[in-house]
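> Got a predicted model here, sequence first, then my questions.
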Amino acid sequence: MNSQLQPVSHDVRLVIADVDGTLVTQDKVLTGRAAKAVGNLRDAGILFGITSGRPPKGMKMLIEPLRLTEPMAGFNGGAVVNPDMTPVLTRLLPPDVPAEVLRLVAQHGLDVFLYTDLDWFVRDANGPHVAREAWTVQFSPTVVHDFDSLLNRVVKLVGVSDDLEAVARCEKDLQEWSAGRVSAARSQPYYLDITHPKANKGEVVSMFSELCNIPTRQIATIGDMPNDVLMFEKSGVSIAMGNASAAVQKSATFITDSNQEEGFAKAMERLLQ
């Protein structure tokens with residue numbers, strides 16, 4: 001356990017966890033220790049929820065091993081569903097926004113994933129990270145010639161590239177261009193998530209607070225990427241993974257070990273001490 005993770009207040013009543021880079025390993029494995037840690041939270045009367053840039057269908061494999069009972073916030077809060085996959089809320093991008101976002105993303109040389117509330121679309125089945133994403137979320141995209149017919153029902157666009165500097169530049173330019181019309185933040189160094197302005201992890205904390213009737217000061221959050229900082233800012237306790245960047249770690253209350261070293265489980269165990 002990282003020495004910077006100290007005992008925390010015992011009034012935490014809800015934990016919200018990011019998925020990739022946090023709850024699961026680099027190989028997308030939910031370890032037995034992590035699942036047991038969530039069970040121990042539940043036994044102690046602490047609720048547990050998950051949020052991710054993944055689509056809701058891409059989190060279904062976690063429902064049974066974690067015995068989830070709270071809503072799951074997919075698309076960083078763009079589509080929230082109950083564990084039985086019934087919708088709680090969906091936040092579509094405004095109809096006039098996706099075409100302009102696609103143009104700006106193309107200027108930076110990024111490929112695009114397009115998500116509606118239920119489906120995933122790409123223009124190239126062999127594009128960067130398509131195979132990896134399909135393996136991660138356990139369903140395949142629909143290949144289309146163009147996105148024109150889909151632009152009125154977009155929940156999330158993802159700019160994708162292994163040119164990490166281009167992804168960072170695109171993030172900065174989109175944030176400046178949008179003037180609050182979209183939320184644009186990297187969920188991975190190679191993924192730039194573009195969603196409704198209220199589809200971000202800060203809003204996820206507020207939503208869970210309202211749904212569960214728990215003050216935000218009694219919520220703990222844990223994550224590893226820049227888009228997790230928004231939920232750190234809203235929660236009473238925030239925990240950064242050891243694999244997070246220095247900037248993300250600086251934004252958190254505490255730091256745990258990496259997701260390859262059972263950092264999630266160790267943090268949950270410490271919450272219960």
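Thanks, I have the structure now. Residues are numbered from 1 along each chain as shown.
> thinking residue 211 is in contact with residue 72, fair?
No. Using CB atoms under 8 Å, residue 211 is not in contact with residue 72, being 11.8 Å away. The way it works is simple: take the backbone N, C-alpha and C, and place the C-beta from them, glycine included.
> Do a quick rundown of the helices in the chain.
With DSSP state H as the criterion, the chain has helices at 32-43, 63-66, 98-107, 130-137, 164-178, 201-212, 229-234, 246-251, 263-271.
> and residue 141, what is it in contact with?
Taking CB atoms under 8 Å, 6 or more residues apart in numbering, we find residue 141 in contact with 113, 119, 120, 121, 122, 125, 130, 133, 134.
> Apologies, that question was intended for residue 197.
178, 180, 181, 182, 183.
> And residue 20, by the same measure?
Counted by CB under 8 Å, 6+ apart, residue 20 has contacts 28, 52, 53, 54, 136, 187, 188.
> on that earlier part again, ok, of the contacts of residue 141, which come out buried?
Buried members of the contacts of residue 141, scored by 16 or more other CB atoms under 10 Å, are 113, 120, 121, 122, 130, 133, 134.
> And those residues, which is closest to residue 259?
Among the buried ones among the contacts of residue 141, residue 133 lies closest to residue 259 (CB to CB), at 18.0 Å.
> Wait, the closest one touches residue 113, no?
Yes. Residue 133 is in contact with residue 113 according to CB under 8 Å; the separation is 7.1 Å.
> shared neighbours of these two, anything?
If you check residue 133 and residue 113 against CB under 8 Å, 6+ apart, the residues they both contact are 120, 141.
> Tell me which of residue 211 and residue 72 has more neighbours.
A count of neighbours by other CB atoms under 10 Å puts residue 72 above the other of residue 211 and residue 72, at 24 against 16.
> Bridge partners for the more buried one, pull those for me.
Applying DSSP bridges to residue 72 yields these beta-bridge partners: residue 50, residue 81.
> surely it meets residue 54?
No. Using CB under 8 Å, residue 72 is not in contact with residue 54, being 9.2 Å away.
> As a check, name the ranges of all strands in the stretch 51-200 of the chain.
In the stretch 51-200 of the chain, the strands defined using DSSP state E, counting those that start in this stretch lie at 72-74, 79-81, 87-90, 111-115, 120-122, 142-143, 156-160, 183-188, 191-195.
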